[in-house]
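Participant: Return a 3D structure for these sequence lines:
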Amino acid sequence: MVAQILAPHGIRGELKCRIVTDFPKQRFKRGNRLLIDAAPHVVQAARIQGDTLLLKLIDVSNRDVAEVFRGKDVLIRREDAVKLPDGEFFWHQVIGLTVIDTSSGQVLGCVSDILETGANDVYVVKTPVGKEILVPAIKDVVKSIEPDAGRMLIVPLPGMISA
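Facilitator: Below you'll find the model as predicted:
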């Protein structure tokens, strides 16, 4: 997901969107292809205003057509995703990974969410019994993220895992 449509904007079919991509200037260039409800749409124009976007799609010509898109997610095809540097991952690659304690070999659970904090992200790991473990996304703790293998290897800090 790269944006969420909040509402129509004006009478010419623009869509006011909440930006959720880290690369809005690249993502919303004229001519880029986006997906809404699995249907392809082409960007005609886009204006970024703080954390919102005014998006004009070629096939959305008026406010009535734009209204249909209210509340919808704007997606991209996986092959259109921005290439990240080695060691960086998209959230969809991390959420769902099995988290393993490398010191004990114990499966702790699966990443269910990611919290953005000022210093570093925090992975929320849901245990098999429904508890949550908060894992800071720092090198001292997270030793390896392996989306292809479906796992994240960690070395927990003292007290991180309660009995």
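Participant: Find the nearest non-adjacent residue to the residue nearest to the spatial centre of the chain, please.
Facilitator: For the chain, Trp91 is the residue whose C-alpha lies nearest the centre (CA atoms, centre = their mean; 4.7 Å). Nearest residue to Trp91, sequence neighbours excluded (CB to CB, 6 or more residues apart in numbering): Ile114, at 5.5 Å. Where C-beta positions appear, they are placed from N, C-alpha and C, glycine not excepted.
Participant: bridging residues for the one you found?
Facilitator: On the basis of DSSP bridges, Ile114 is bridged to Tyr123.
Participant: domains of this structure?
Facilitator: Per automatic domain parsing, the structural domains of the chain span 3-80, 91-154.
Participant: where exactly do the strands run in this structure?
Facilitator: Along the chain, the stretches classed as strands by DSSP state E are 3-9, 14-19, 33-36, 39-49, 52-57, 73-74, 98-101, 107-116, 121-126, 132-136, 142-146, 151-154.
Participant: For the shortest one, which helices and strands make contact with it?
Facilitator: Here strand 73-74 touches strand 3-9, strand 33-36, going by 3 or more CB pairs under 8 Å, 6 or more residues apart in numbering; DSSP states H and E.
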